[in-house]
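Enquirer: Turn this into a model:
(2 chains)
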Amino acid sequence: MKTFTNTILLLVLCTQAFSQTKISGIVKDKKGEAIVGANIYIKDSYDGSSTDIHGTFSFVSSEEGPHVLVITSIGFKTMEQEVVLNGKAIQLSFELIETINKLDAVVISAGSFNAGDEGKKEVLKPLDIVTTAGSSADIAGALNTLPGTQTVGETGRLFVRGGSGFETKTFIDGMQVLNTYSPSVPNTPSRGRFSPFMFSGTSFSTGGYSAEYGQALSSALILNTKDKAMMDRADISLMSVGTDVSATKVWEKSSFSGKVQYTNIAPYFGIIKQKLDLVKAPSSLDGNFAIRRQINENGMLKFYGNFNHSNLVVNISDIDEPSIKDRVGIINDYQYLNIFYKDVLNERWSIKTGISYTNSKDDIDFNVENSLEHQKGIHTKIVLSNDVSDKLALNFGSEVFYRDYTLDLESAEGETYTQSFSEPILASFLETDIYTSKNFVTRAGARLEHIGLNGVWSISPRLSFGYKTGENSQVSLAYGKFQQQTENSLLRVNNDLRPEKSDHYILNYQVINTKRTFRIEAYYKDYKDLVKYDDSNISDPTGYDNTGVGHARGIDIFWRDNQTLKNVDYWISYSFLDTKRDYRNFPYSAVPRFASSHNFSVVYKHFIEDIKSQIGATYSFTSARPFHDPNQSGFNAGRTKNYHDLSMNVSYLFRSNVIFHAFITNVLGTRQIFGYEYGNQLNTHGQYNRRAIAPPASRFIFLGVFITLAKDKTFNGLPNL
Amino acid sequence: MKKLFLPTIIALIVFSSFSFNDKYEKAMLKNIELVYKAQTQEDFKTVLNNLERIANAEKDKWEPHYYASFAYVMLSTRAEEISKKDEYLDLAQKQLDKGIALNEAESELVAMQGFIHMIRVSVDPATRGQQYSGMAMQSLNKAVQMNPENPRALLMLGQMSHGMAQFFGSDTSEACGLIDKSLEKFETYKSDNPLAPQWGKGQAQGMKQQCSK
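Expert: From the prediction side, this is the model:
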């Protein structure tokens, strides 16, 4: 009994007679500046304290013996130090090492505009694409309001920094897309095939892009699809140009979305007169689906498919003899499939891999002549990323592109001939991001390509720097060599043509606050190995070579503000371009027809709560574009008048799940001329007759109602417009 | 001797475990009050540090993570820049994930998830409404399902429905019904956990006033 009492006593004494140890000190960063609010404590105990404004701390612990002291602070690496607590005061000083938080660290920004749902430093959000007046909810249409693009109204495509439309390549989840645009009547704008709603993020690069992306001379449009859908829903849209129905079904680990769309512009053209002699107005049937499966915590498998059938027939009158009409019929069949998988393998490694398949058939009748253009492409790719440390990241991968192109021609006389090529391209790339500090990053990489068609090996280096000049501002510099196989229409005549090349040099300065963005970018592009050919005999392969050259230089300025005025968001873009090329059939160096020196646009969006509506307006200006005038001396010496367009839109939220949307282009009815076409024969005045290339109607008006049906009625289509 | 020994041991064990719990409870009660009272950045930082220490020592308790998450949400609502707001919400989410990993069945944690999503929406309603308002509703409905007595889950559910109804000029009575119900539960519901959250009553009363207008 006595021993027991003693034990108890001892126990009690022990707890009573705790020796108390005072621990104090100071916590600083590498530069010697005090870290405020750091947490210092004895591991596995409650004892500890926070640093004050001077970085000092002090606390008393009743623990004894050897312990571990932990020092933590957000933005710094956690530090641990062994201490022995024996009642003697301990004085310590710590220097914490900064961790590079990718969110507030410098980023490579030269040449690229990022748009995402979540991103903190994004320029445009997916929603912005749809609500931009004049964009007609088309991705390219909205991106055309950004600097670095030139409005080429008769194509609807993205022309970037003196590059032609084919120099912009589209990638969905990193996989290439061939024939991105739907077919259209000659000299009328085509639309992108892919709905902006599919994507959670868009990165539009106007130059200097990563070594991961190849076979694009001027620009890469990188679209990332949405992950797994969150809830069941069904949508119905009724539009002046057609209708669509879509549905989404969600399971715990997967989701399925499908959409069927039918568009037929005939009723609209019946009401609003067009300067087009349409035999059959453009109509199309489009179906797409997206399957998502969450494989594990980070692993996501995506399967996307798009099927499209469209056709149109138009009569195009002869310039010299308007009563003579050429009948042009276009039938396009298109399939695109994309399987993509991404996963985080462990703390350091992540993987992205996928395969895409494009199959596009254009069956074109020109009077009694027929051409069948068939392009098939497969792209497969694997990319591995390794975060070696918070200061070093590696990104590398390999890809195979395979393209099969055939053009079957049948002349009026019944003669047939075929032009074709099959082109495998193998490529590997390696890129590394080195953070010297959170304010300075270097991205260095290279891309190795082998083109099977002509056996050419090439190495394209890429190099960029980013330097953070302030909390929200930074300067970036980028350089890179880019190459791309030339257009199908040339390559099919001469399979041996080498890829066309361009070097990009970009200097960028940007300030991005949460609600305001300013960027200015200067660039120089040097084009080499452009394809030239002899105009007098375009079917002779020996008349083709890679001797063309060119350059483009300019300045792009962008300002966006959704802070100054309440419920108002606007952006202003200006691009200056100076470019000349000696390529294709040019007799000497001249400004190409798609290039304009000045492009200016203002996008304005205003949400008016009282009427539950968003109204928007976009004004675009494009300075004179060249055209070739055979009545004038010189090549491409003619100049159109300046182009103006004011487009407006309105979205009215009738109910949480019903939205009305309307837009009108060219409200003021300004005469828009993109260029001129000339006849082949001299008229009685000894001149060639001409015809303006202009929109088929001065305005385009769209009306639509979008209805969302979802189990959860608070869920609405609001952000969809 | 033997007669005495066993009860003493038992008493000792009970006592020590009681004192252990008592220490945790005491420390938590003190810090919970600090969370509710925190005004300045420093106040929050200090209490977050305290909670971090407790969480580190008590690896099986969800409450420190719950209150740390709540404190980060409060910091987020006080921040001005969107990027800062998001940063705090990310930290709140991290703490909540740890809490949920420790106690999947706690309705309060699921309600907190709804709260974080709700604040995410409020940062940028136009862009985030679609994704996060749906997710918030989902979490809040789940929280009510797990514990129909949880007044905070009912309140937030009511708040979200009220906002939507008001915006579209539709009937707010259903939303206000939820708020009435939450007020009722604020009076009647007593958790057997002394560390259970208490916040939200003032907010509910404020909402009630809006409803009676």
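
Enquirer: quick one, what contacts B:Asn31?
Expert: Neighbouring residues of B:Asn31 by Cβ atoms under 8 Å, 6 or more residues apart in numbering or on different chains: B:47, B:50-51, B:54, B:64, B:67. (Each C-beta comes from the backbone N, C-alpha and C, glycine too.)

Enquirer: In space, what's closest to it - neighbours in sequence excluded?
Expert: Closest residue to B:Asn31 apart from its sequence neighbours, by Cβ to Cβ, 6 or more residues apart in numbering or on different chains: B:Asn50 at 5.0 Å.

Enquirer: pretty sure the one you found belongs to a helix, no?
Expert: Yes. Counting by DSSP: H, G, I helix; E, B strand; the rest coil, B:Asn50 is found in a helix.

Enquirer: so what's it up against?
Expert: Neighbours of B:Asn50 in contact, by Cβ under 8 Å, 6+ apart: A:48, B:27, B:31, B:34.

Enquirer: what about the second one, which SS state?
Expert: Right, the one you point to is B:Ala27. Three-state secondary structure (criterion: three-state DSSP) places B:Ala27 in helix.

Enquirer: That one: neighbour count?
Expert: B:Ala27 has 18 neighbouring residues, counting by other Cβ atoms under 10 Å in any protein chain shown.

Enquirer: any idea how far it lies from B:Pro197?
Expert: Relative to B:Pro197, B:Ala27 is positioned 17 Å away (Cβ to Cβ, to the nearest Å).

Enquirer: Dihedrals phi and psi, the most centrally placed residue in chain B?
Expert: Geometric centre of chain B, nearest residue: B:Met112, 4.8 Å, by Cα atoms, centre = their mean. Per-residue torsions, B:Met112: phi -60, psi -40 (degrees, to the nearest 10).

Enquirer: hang on, isn't it packed against B:Leu96?
Expert: Yes. At 5.6 Å, B:Met112 counts as touching B:Leu96 under the criterion of Cβ atoms under 8 Å.

Enquirer: which residues are common contacts for those two?
Expert: Common contact partners of B:Met112 and B:Leu96 (Cβ under 8 Å, 6+ apart): B:66, B:69.

Enquirer: can you list the domain ranges for chain A.
Expert: Using automatic domain parsing, the domain parsing of chain A gives A:20-96, A:112-720.

Enquirer: Single out the most deeply packed of those domains.
Expert: Of the domains of chain A, the one with the most neighbours on average (mean count of other Cβ atoms under 10 Å in any protein chain shown) is domain A:112-720, at a mean of 18.

Enquirer: Could you give the average pLDDT over that one?
Expert: Taken as a whole, domain A:112-720 carries a mean pLDDT of 91.

Enquirer: any weak-confidence spans in chain B?
Expert: Applying pLDDT under 70 to chain B flags the ranges B:1-20, B:127, B:130.

Enquirer: partners of the helix or strand hosting A:Asp387, with directions?
Expert: Following DSSP states H and E, one finds A:Asp387 within strand A:369-389. As defined by DSSP bridges, the strand partners of strand A:369-389 come to strand A:349-366 (antiparallel), strand A:392-410 (antiparallel).

Enquirer: want to throw these into a markdown table with distance to B:Gly163?
Expert: Formatted as a markdown table, the strands paired with strand A:369-389 follow (distance: least, Cβ to Cβ, whole Å):
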| stretch | distance to B:Gly163 |
| --- | --- |
| strand A:349-366 | 38 |
| strand A:392-410 | 41 |
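
Enquirer: so which of the ones you listed comes closest to B:Met164?
Expert: strand A:349-366 (37.6 Å; Cβ to Cβ).

Enquirer: Just the CA atoms of that closest one, as CSV, please.
Expert: Only the C-alpha atoms of strand A:349-366 are listed here, as CSV (Å, rounded to 0.1, in the frame of the first residue of the first chain):
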residue,chain,number,x,y,z
TRP,A,349,5.0,12.6,-62.3
SER,A,350,1.9,13.2,-64.4
ILE,A,351,0.9,11.9,-67.8
LYS,A,352,-1.3,13.0,-70.6
THR,A,353,-1.9,10.8,-73.6
GLY,A,354,-4.4,10.6,-76.4
ILE,A,355,-5.3,9.8,-79.9
SER,A,356,-7.4,11.8,-82.4
TYR,A,357,-8.9,10.8,-85.7
THR,A,358,-10.3,13.2,-88.3
ASN,A,359,-12.1,12.1,-91.4
SER,A,360,-13.2,14.9,-93.8
LYS,A,361,-14.7,14.5,-97.2
ASP,A,362,-15.6,17.4,-99.4
ASP,A,363,-17.6,16.5,-102.5
ILE,A,364,-17.6,19.6,-104.7
ASP,A,365,-19.5,20.0,-107.9
PHE,A,366,-18.5,22.8,-110.2
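
Enquirer: ok, B:Phe168 to chain A distance?
Expert: 5 Å (Cβ to the nearest Cβ, to the nearest Å).

Enquirer: Can you report how many residues neighbour that residue?
Expert: B:Phe168 has 17 neighbours, counted by other Cβ under 10 Å.

Enquirer: Domains in chain B, by residue range?
Expert: According to automatic domain parsing, chain B comprises the domains B:20-104, B:111-213.

Enquirer: Tell me the residues on the stretch 501-650 of chain A that lie near chain B, please.
Expert: Neighbours of chain B within the stretch 501-650 of chain A, by Cβ under 8 Å from any Cβ of the partner chain: A:513-515, A:607, A:612.
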